[in-house]
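*Asks:* no letters, just coordinates:
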């Protein structure tokens, strides 16, 4: 009977070309018992070839890769198709005779004389079935490898003759097995010299037991590297699609338009007519491109018992490539490689080097000689490149449905979020630019900068010990004007706007995510229960307890052990934060020392701008320290996360993400916090400076204020960080891939890579980084922090972020499509823990912007002066005319003879001012030296302090109230989406009910026919 089973399987895989002309919907009979040796004929009437379904154009019967084979054999196969089906029926009716004759080899000789072409196909399939049987010997030997020279299985002579492909492997044949029919769903790579061959043999034997087809082929560039190609047949896909609850289309959607009033209909017609005169939307993809949308269909979890409900035009394309890869990966994660309770899964074999790599294949090349507009896309990868990754479409919308179909929902959601964030940056960048331009246009009318530029008679005290000279206040005229560009009357409005913008961004992202989740069938999707990590099992395998969900025993971590590890991990986090603070402290000392050094510099340009030179060099050094510490932090975060021993992979990922974000956020923003809130705040006053280690005088702000230092810090760090990130993201993989191509050209000739099969080309690409999308999200979240937290000090931050993100989207797209191996498509409902981090940054931004406006900028002191001390005091108004005399009122007087000995300037100022300086000015609100309480705080200081505290409280409460109100008013689900979901649920129930009634009616009619036929029979 085993021979009969092989023949039946052989015939079931044979395809009838005549059956491919129309759309053959599968009958309910195609669901069969796994124990049956011979599947029904109706199950395999569909072609099983590897189609050009990868292409967007309608598919011919023979794929593009098989044209040479099809052309030569079509006439013979068309002529013999009916005879083949007849032979199949004869074999199934006379099973016992067939068994006997197969054992004696008689029937093959009979068939070979009548139908030689058919028997040749049977020979090929028999040999293939024998080579793939569970009882076959170890696959680590070379008996089943593909011969790189002929691209055929090394079997007997007949098989070589018939399964050999034409010279020069065509594009889509490198996506299939050597028979040109079975599509490659997954690739495993290993080395023959690996020491884990026994585990690999058991693993592969169990893979075959699961029903997957396998084929091996040696690498063309390295004979030690072996590619294991995996293919999931239809029955395996159906079985696991049902187990995994994969949703598949079963009925077209019918959209009902709401009834509208005649007036609204007329208005819409007029608006549409007016739109026709306008140029078409430039950001939409061209109409000449293929339709990127999936057919709108209702979906339901796949079920073999209800397979007749689902829309199946072609079994090869019913499950798309991403779904097929997911199913195969799901199987590989649950196959055992060793006897034992937990000795299973591909990930563990990758970690112990049994396999070197595992990846799904790209769908061919992303390049084409022909235009996509005239010839169509060759495959989805080519279409993605032309519509998304190519720099010429940088201003177009992203084809999110195609991204999701090719890379899976998780990556699709990342690019949807990135596109949404970039789109929302447009209004923020526009308002920030308007605030900056407002500062430019009002610069000539700014009373404060006018007074500073005209203050040639005001002499400022030296900003450092001994080497710094006395300065005229008018020397800082340029800095005062630049400060006005960022610190003007519109700054407070912009800070409120950005706080509200962050809330609107997050709330509307919730709605956008809900729409995507609905369109991508993720509403009812729930993550599978995470598997226990192997490291956790190895550590705690001795203690077990029952899992309350699954009811199975699992390793258990004691309460004391868990929390002692958490305490150690938390201590490590605080220690690394202290390292960051120490680095900032080092930068502070550098700034203090170099101010004096640059003040005594021989080059006049540096000497006259010593403070700006100090700030600029300190920021660059700070950036280098940030990048070095980031490398250290990654290793420390990895160490601490592994020390905690999280139970599942998702717990490990969340713990690692939180640590890395915390480390990098503190690392990136600690020096910015120092400049914003501590620089110049605790320096003391001339004659009584506060000093570090009783030696170095703390750094003071520039005479025009501290905001210019904060602007420089943010601008330089933001530009350098984004430039470095973009280089590392794209430049590094480009260089590595270029070096690989160069080596291959040197070893195998100029056109070597073009002739390689797809799995060889993908193997030489860079793998996706170990942490998945972590680096991509982290970069954007840190940028979001820069855009919101200190935006009051740097209104151009949203504009810089927008320009970077426009480039970032195409960089990431180019990297995913061309430079990386195809990542495993995976599902996700949202962006995970990152959403909570974004909300936390939004709350922090309100607090920091309140302090930046109140403490760092001069907004509050100017307001207090205008209403209380200026020319308009008591009049209830505050314009530019009310600011006359503000500069003089904000500067205190110091007697030069009161200087400490170590602070005494080396010159008395006579070379600059013609006579020795007796009094100098400094930024503070203190009594003059001749008063009853010299150098004590004035009443104006306390008024300003009270106003600052009041502003912080009022600003925070007002903005938080607005944020809360907006979050309340914006529902998480759009109303039309909620209605569509309710209606869809109702329609699905109705359709299922109707389909069941139809099936029952059909069964009833068939039963009646049988009864009638039975009554007509002879007694």
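*Replies:* Nice, I can see it. Worth saying up front: this structure is predicted, and the values here are computed from it rather than measured. Residues are numbered from 1 along each chain as shown.
*Asks:* who are the packing partners of whatever helix or strand residue 807 lives in?
*Replies:* Element membership of residue 807, judged by DSSP states H and E, is helix 797-814. In this structure, helix 797-814 makes packing contacts with helix 409-441, helix 707-726, helix 774-789, judged by 3 or more CB pairs under 8 Å, 6 or more residues apart in numbering; DSSP states H and E. C-beta: built from backbone N, CA, C; applies to glycine.
*Asks:* could you tell me the least trusted of the ones you listed?
*Replies:* Averaging pLDDT over each of those singles out helix 707-726 as the lowest, with a mean of 78.
*Asks:* list of residues touching the helix or strand just after that helix?
*Replies:* Downstream of helix 707-726, the first helix or strand assigned by DSSP H and E is helix 732-748. Outside helix 732-748, the residues within contact range by CB atoms under 8 Å, 6 or more residues apart in numbering are 220-221, 752-753, 764-766, 815, 819-820.
*Asks:* which among these gets closest to residue 271?
*Replies:* Using CB to CB, the shortest approach to residue 271 within these belongs to residue 815, at 41.3 Å.
*Asks:* my read: the closest one touches residue 730, true?
*Replies:* Yes: using CB atoms under 8 Å, residue 815 is in contact with residue 730, at 5.6 Å.
*Asks:* related to what we said a few turns ago, mind putting the helices and strands packed on helix 797-814 into a markdown table with distance to residue 933 and mean neighbour count?
*Replies:* Converted to a markdown table, these look like this (distance: least, CB to CB, whole Å; neighbours: other CB atoms under 10 Å):
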| stretch | distance to residue 933 | mean neighbour count |
| --- | --- | --- |
| helix 409-441 | 39 | 19 |
| helix 707-726 | 31 | 20 |
| helix 774-789 | 40 | 22 |
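*Asks:* and the ones you listed: which comes nearest residue 1002?
*Replies:* Proximity to residue 1002, assessed across these by CB to CB, is greatest for helix 409-441 (36.7 Å).
*Asks:* tilt between that closest one and helix 797-814?
*Replies:* 150 degrees (axes from the mean of the first three to the mean of the last three CA atoms, to 10 degrees).
*Asks:* got the contact list for the next helix-or-strand element following helix 409-441?
*Replies:* Past helix 409-441, heading to the C-terminal end, the next element that is a helix or strand (DSSP H and E) is helix 447-454. Contacts of helix 447-454 from elsewhere in the structure, counted by CB under 8 Å, 6+ apart, are 443, 473-474, 476-477, 480-481, 483-484, 703-704, 858, 862, 880-881, 883-888.
*Asks:* pull the distance from helix 447-454 to the chain's centre.
*Replies:* How far helix 447-454 lies from its chain's middle: 50 Å, per CA atoms, centre = their mean, to the nearest Å.
*Asks:* go on, stretch 946-955?
*Replies:* In this view, stretch 946-955 has its centroid 40 Å away from the chain centroid, taken as CA atoms, centre = their mean.
*Asks:* can you list contacts of that stretch?
*Replies:* Counting by CB under 8 Å, 6+ apart, the neighbours of stretch 946-955 from elsewhere in the structure are 492, 495-496, 846, 849-851, 853-855, 860, 863-864.
*Asks:* ok, so of the residues you listed, who is nearest residue 212?
*Replies:* Lowest distance from residue 212 to the contacts of stretch 946-955 (CB to CB) belongs to residue 846, with 54.9 Å.
*Asks:* that closest one: how many residues sit nearby?
*Replies:* Residues within reach of residue 846, counting by other CB atoms under 10 Å, total 25.
*Asks:* let me know the helix or strand that it is in.
*Replies:* Residue 846 belongs to helix 833-851, assigned by DSSP H and E.
*Asks:* what packs against that helix?
*Replies:* For helix 833-851, the helices and strands in contact under the criterion 3+ CB pairs under 8 Å, 6+ apart are helix 491-519, helix 649-677, helix 774-789, helix 939-969.
*Asks:* for residue 795, which of those is the nearest?
*Replies:* Nearest to residue 795, of all the helices and strands packed on helix 833-851, is helix 491-519, at 5.5 Å by CB to CB.
*Asks:* which positions in that closest one come out as buried?
*Replies:* Residues of helix 491-519 classed as buried: 491-492, 494-509, 512-514, 516-519 (neighbour count, 16 or more other CB atoms under 10 Å).
*Asks:* JSON lines for the helices and strands packed on helix 797-814, including distance to residue 904?
*Replies:* Supplementary listing: the helices and strands packed on helix 797-814 in JSON lines, determined by distance: least, CB to CB, whole Å:
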{"stretch": "helix 409-441", "distance to residue 904": "39"}
{"stretch": "helix 707-726", "distance to residue 904": "26"}
{"stretch": "helix 774-789", "distance to residue 904": "41"}
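*Asks:* out of the ones you listed, which gets nearest to residue 807?
*Replies:* Between residue 807 and these, the shortest separation by CB to CB is 6.6 Å, and it involves helix 707-726.
*Asks:* and that closest one, how far from the chain's centre?
*Replies:* Relative to where its chain is centred, helix 707-726 has its mean C-alpha point 24 Å off (CA atoms, centre = their mean).
*Asks:* what angle sits between it and helix 797-814?
*Replies:* With the same axes, to 10 degrees as the basis, helix 707-726 and helix 797-814 are set at 0 degrees to each other.
*Asks:* give the other helices and strands that helix 707-726 contacts.
*Replies:* helix 477-486, helix 610-644, helix 649-677, helix 774-789, helix 797-814.
*Asks:* so which elements touch the first one?
*Replies:* The one in question is helix 477-486. Under the contact rule (3+ CB pairs under 8 Å, 6+ apart), helix 477-486 is packed against helix 409-441, helix 447-454, helix 707-726.
*Asks:* tell me the angle of that helix relative to helix 409-441?
*Replies:* Relative orientation of helix 477-486 with respect to helix 409-441: 130 degrees, computed using the same axes, to 10 degrees.
*Asks:* and the contacts of helix 477-486?
*Replies:* Helix 477-486 has contacts (CB under 8 Å, 6+ apart) with 436, 439-440, 442-443, 446, 448-449, 452-453, 612, 702-705, 707-708, 711, 793-795.
*Asks:* which is the next helix or strand following the helix or strand of the chain with the lowest mean pLDDT?
*Replies:* For the chain, counting by mean pLDDT, DSSP states H and E, helix 157-163 ranks last in confidence among helices and strands (a mean of 32). Moving toward the C-terminus from helix 157-163, the next helix or strand (DSSP H and E) is strand 186-191.
*Asks:* buried stuff in the helix or strand just after that following strand?
*Replies:* Tracing the chain C-terminally past strand 186-191 and defining elements by DSSP H and E, one meets helix 197-209 next. Across helix 197-209, burial judged by 16+ other CB under 10 Å covers 197, 199-208.
*Asks:* and stretch 215-226, by the same measure?
*Replies:* Within stretch 215-226, the residues that qualify as buried by neighbour count (16+ other CB under 10 Å) are 215-221, 225-226.
*Asks:* ok, now stretch 457-465?
*Replies:* Buried residues in stretch 457-465, counting neighbours by 16+ other CB under 10 Å, are found at 458-465.
*Asks:* over to stretch 962-973?
*Replies:* Neighbour count says stretch 962-973 has 963, 973 buried, by 16+ other CB under 10 Å.
*Asks:* residues in contact with it?
*Replies:* When contacts are taken as CB under 8 Å, 6+ apart, the neighbours of stretch 962-973 outside the stretch itself are 496, 499-500, 502-504, 507-508, 510-511, 514, 842, 846.
*Asks:* which residue ranges of the stretch 201-350 of the chain form strands?
*Replies:* Across the stretch 201-350 of the chain, reading from the start of the chain, the strands by DSSP state E, counting those that start in this stretch fall at 213-218, 225-231, 247-252, 297-301.
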